[in-house]
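**Q** Need the 3D shape of this:
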Amino acid sequence: MFRRAFSSRPQRRVTDYLADVLVRQGVKNVFGGHGGAVIPLVDSISSHPGLNWVYMRNEQAASLAAAADAKLTGRLAVCVATSGPGASHLTTGLVDALQDRCPVLAITGTKATNAIDLSEFQMIHQEELFRAAGLPFSNVVMSEAAVPAMLRNAIAVALREKAAVHLALPVDIQSRMLTPPRSEVWQAEVSHLEYQASESRVQLAAKALEDPQLRIVIALGHRAAIELSPGEASSPANPYLRLAETLNAPIITQLDAKGCVDETHPLSYGVLGIFGNPGLDAPRALVNSADMVLLFGVDRQAIDLISDASFNQVRRVVEFEPDAGSAAYHRWYECDVVVLGKLASNARRLEAAVANLRAAPAAQAGYNALADTQPINEYMRHWTWLLRGGWRNTASILRARSDAATSQRDETPPEAPDDAPPTGSLPGRFQIEHGETEGYCHPGRVLEALSKRLQPEDVVCVDVGDITLWASLCLCLSGGQRVLSSQGMGTMGYALPAAIAASLERPKRNVVVIAGDGGAQMTIGELATAKQHKCQITMIIFNNHLLGRVHFGFDDVRGDEIVSPDFVALARAYGGDGVHVRCATEVEGALRAARAASGLFVLEVAVDPQLKAEYARMRDDTSFVSQVRESLGDLLPAEMRPSDVRKLIAFDIDGDGMLSADELAAARKVIGALRRSDDASALMRALRTGQLFKNPVLTSVKQLFAPLEPSPFRFERTPRADGEEEGSVIDTVGAVSHVLKSHVPPGLRERRFSAAGYKAGFEVAAIDSMKGLGEMCIADSKVYVRETDDSRPDFFETRSSDSFLSTAALLVPNSAVPDMRVRFLAKEAPQGLPFVRLVNDLCVEAQSPFVFFGEVDWHKCDVTSISRAPTDGLTVHDHIADFYWKPGTVFHSNRTFLCGAVARDEEPRGPLCAQIFDKIFYSDLSRAGSKAKAADARAPADGAARAEPTKPGEHHFSEKVSSLVGPSKKHVYCHAHLITYNAAGKLVDVWHLNPNSVVADMDLQVYKIRALNAIDA
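**A** This next block holds a predicted model:
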């Protein structure tokens, strides 16, 4: 009876049966290329009422579209290609899906079974190609009877392992007939199992999070975004935000998880990783000093969240994944707990369990300890602020800003539902500081304006290149939107195929492409596909005529220039429309036109080719700024911007990144006195020129603290023979007064110095002529100088030479003998130690002025560099902004060669001290508590330095601050330069070091200064 029923089932053509199976698995769109080896297959797909055949102009775009479709929906996606090059073109998109763990089935045609390995044309072994690319399943079906089982196994592997798989069908088998298996057997074999974590697993995870002192970071990947409805993502009940609030934990996302939470929330810390690194110091610092990371659907690219530079685990992990096939980290790292099941549901259960545990009396000891915590550096201060719930005080500030932004935004467009929640609650906690260049528009302007217009369920497809970094930094999504990006593979040309997939999946929503001119041209032919399928796509192309990531990310690059078409004219040729954007004032009108357009619309944005994402400056508008506004708001001038308020960090005497009660009192005294004396503008001038109390541009100034025991640094003194004098004679060229007055003494105008005669040295120098005088550092018998002659093609680049010219330099001769060695290893303090602590402890140990040099790795390296040669009489004191083109660049995890000098100010100054300050330190710019010294003071023959008297009525602002705050301790002055190494170990860029840097590893030699040998002519 069973056999008769089985045999009586009607036969189906293989490709018709395959099409039915795809529909049962939830497939809607099949992306592919056409050809002779897939004619029966494409015929069945295109004629099936449940499938939409999407012919792509290139098979690579087909596989990229399928990868994006799977990432957006979480369902199986399918792509098709013919034999030979059609199949090989699929490789990039399939590896992309494999890297980002998206279930994709590739079906290819091959030669007829009797021609395999006998026909030469387009004959390749596809299964070997795709297995070599890493696909876990790639096979050729050699009989029609094997089709159901092979198809079942391929789909099961794709869904179970979240992987790309491949099945090849010879063209003759495609047209053969088969008897389908019983549908109930199919469903039993391949149905996707849903996991539900037991309550004990959730409780186990909650127990690991019980201590309120734990520094926890929550990381979200694209699988976390799949499960949330747009309403949940933008709601205050968002399960990930609720968990973060309970844990007082910052949230970071992968780029393709943007929109998973409202990024205006004070616990949203943006994107971390390769795409989010520039400008975002706070998220990186928090992760580097965290105890534990909670991973929700995060792909393998997030390994840097839990490991050090050597990929060794340094943080505890709790992993959440929807199923066992997605869970990856427990295979390589030790996880406290792995919790399987629906991510949003488990986040809700975990939040409730943690809230109960932390409300219990047993947790009170942790809260008491937290209240007594005294942070030792700015990172710990930030964590303490978070864990004590200080972020809650900033939520009202962000909500007010959101309401203001919402009231100013355009009306909801007609196509949006009337009850659509307001979006565009810009800006979030991090804002980019962008200037404008005539004829160009900053990417941040466009992306911030775009963020205001995006509605829930809209999709943003981000390409790969410099624009990926800008999108990570500048897009601020309010929740409910989706971002699609090539997270792991980094495939240029990804965005347009992804947008086609998104538009077909969400035809009533707005889909936006963000691409550079390089990436856009890699798949630009797919504009025809978008037009053919009536896709609603806005394509924003940022055109800087360069491969930006290649040009800016590597040294000595050639061949990266791009000639591009007129993208707007090209869009019109494909039946769309567009506009050019060449300045910030054109952005809003362009976006309005795009929103009103039907179908394809291109915005071609002209971007300054000199604009580097590495120089992006992100300001944190919540913690410090809100504290200052709350405490000092009644005194602050109305015109103060957040960036001005941030500069009040000048009152942070102890360097912990926030203002204590005493520091706030000092700031209130100073600002209040200025306001009472009708001198409010003086505060603004002092802030914006960096002249308030300490100078962040030129010389590091810190109070000398009492010796801190034990010092974290290892000091090894050099043995001396009996009677041998400590210290060395250090050479100096000119004086910093020449730099301050932009003056070149006649005796130094043509005099050249050989770098081979010195172990190290720093200050300013030129290689060819004084027109290029810039930051200088000597290492390995070479002098490195940042070129400031803007008539040269290598302007602002670092050059090296064997000899140099100089108006001010400190040089360690080869005859000098080190007095001590100082070392520090990152493993002794994983969060690093402030550079000012190093200076402080060195000063205590040396008990005299000294020079130091050696290799240093940094957790954070804050640097700047003059961009104009101080040679034309324009004084630095009065024109700081003219000399500093790009101040405040920040590097991380950089190996450098560092050289500098340190001295403690004395009252009165002895002869050596006076000479050192005249030659080395910019004391009339940054010395607190003394009058401005005349810049051209000269050392007499006996070595004593005499300062010219201050002119009547001339008072330095820091003197006024000092008089108001009260007497201070003696100050330690440090002036240092560094040269960065590239990946190949080559010294490449010279910079001036700013004081708020954090040391990771270091090995320095220290030379006490016994005397100076002044070379003035």
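
**Q** can you list the weak-confidence ranges in the stretch 901-1017 of the chain?
**A** Along the stretch 901-1017 of the chain, the parts satisfying pLDDT under 70 run over 906-908, 922-971, 983-984, 1017.

**Q** which residues in it form helices?
**A** 911-919, 923-926, 957-965 (DSSP state H, counting those that start in this stretch).

**Q** Over to the stretch 351-500 of the chain?
**A** Ranges of helices in the stretch 351-500 of the chain, per DSSP H, counting those that start in this stretch, are 364-371, 378-387, 392-408, 443-453, 466-474, 495-505.

**Q** helix/strand/coil for the closest residue to Pro85 other than its chain neighbours?
**A** The spatially closest residue to Pro85, leaving aside those adjacent along the chain, is Gln122, at 7.0 Å (Cβ to Cβ, 6 or more residues apart in numbering). (Glycine included, C-beta is placed from N, CA and C.) Put simply, Gln122 is coil when judged by DSSP: H, G, I helix; E, B strand; the rest coil.

**Q** Is the residue nearest to Asp780 when sequence neighbours are not counted bridged to anything, and to what?
**A** Once flanking residues are discounted, Asp780 sits nearest to Leu987: 7.2 Å by Cβ to Cβ, 6+ apart. In this entry, Leu987 is beta-bridged to Tyr981, by DSSP bridges.

**Q** Let the chain start at 36 from now.
**A** Sure thing, new numbering starts at 36, so read that last one as Leu1022.

**Q** what's the least confident stretch among the helices of the stretch 386-535 of the chain?
**A** In terms of average pLDDT, helix 427-443 trails the rest of the helices of the stretch 386-535 of the chain, at a mean of 51.

**Q** for the stretch 336-485 of the chain, which spans come out with low pLDDT?
**A** 336-337, 344, 360, 362-366, 405-416, 428-471.

**Q** Strands of that one, residue ranges please.
**A** 351-356, 372-375, 465-468 (DSSP state E, counting those that start in this stretch).

**Q** who wins for proximity to Ala625 among those?
**A** Proximity to Ala625, assessed across these by Cβ to Cβ, is greatest for strand 465-468 (19.4 Å).

**Q** what are the bridge partners for Ile286, then?
**A** If you apply DSSP bridges, the partners that Ile286 bridges to are Ile253, Ser303.

**Q** how close does it get to Gln348?
**A** 21 Å (Cβ to Cβ, to the nearest Å).

**Q** For stretch 873-893, buried residues please.
**A** Using 16 or more other Cβ atoms under 10 Å as the test for burial, stretch 873-893 gives 873-881, 883-889, 891-893.

**Q** I figured Pro75 hits Val206, correct?
**A** Yes. Under the criterion of Cβ atoms under 8 Å, Pro75 makes contact with Val206 at 6.9 Å.

**Q** so who does the residue nearest to Pro120 touch?
**A** When contacts are counted by Cβ atoms under 8 Å, 6 or more residues apart in numbering, Gln157 touches Ala72, Thr117, Ser118, Gly119, Pro120, Gly121, Lys146.

**Q** any idea how far Leu202 is from the third one?
**A** In this structure, Ser118 lies at 14 Å from Leu202, with Cβ to Cβ as the measure.

**Q** Now for the two: what residues contact both?
**A** Contact criterion Cβ under 8 Å, 6+ apart; residues bridging Ser118 and Leu202 by contacting each: Thr143.

**Q** where do the helices sit along the stretch 536-685 of the chain?
**A** 552-557, 562-567, 583-588, 602-608, 622-631, 658-667, 677-681.

**Q** And the second one, what does it pack against?
**A** In this case it means helix 562-567. On a contact count with 3 or more Cβ pairs under 8 Å, 6 or more residues apart in numbering; DSSP states H and E, helix 562-567 meets strand 87-90, helix 530-540, strand 635-641.

**Q** so where's the stretch 736-885 of the chain shaky on pLDDT?
**A** By pLDDT under 70, the low-scoring segments of the stretch 736-885 of the chain are 736-745.

**Q** all helices of it, in order?
**A** Under DSSP H, counting those that start in this stretch, the stretch 736-885 of the chain gives helices at 771-775, 870-881.

**Q** Please name whichever of the ones you listed is nearest to Pro84.
**A** helix 870-881 (68.3 Å).

**Q** List the strands paired with the next helix or strand after that closest one, with their directions.
**A** Using DSSP states H and E, the helix or strand that follows helix 870-881 towards the C-terminus is strand 885-899. With DSSP bridges as the test, strand 885-899 is paired with strand 924-926 (antiparallel), strand 930-939 (antiparallel), strand 1022-1028 (antiparallel), strand 1033-1050 (antiparallel).
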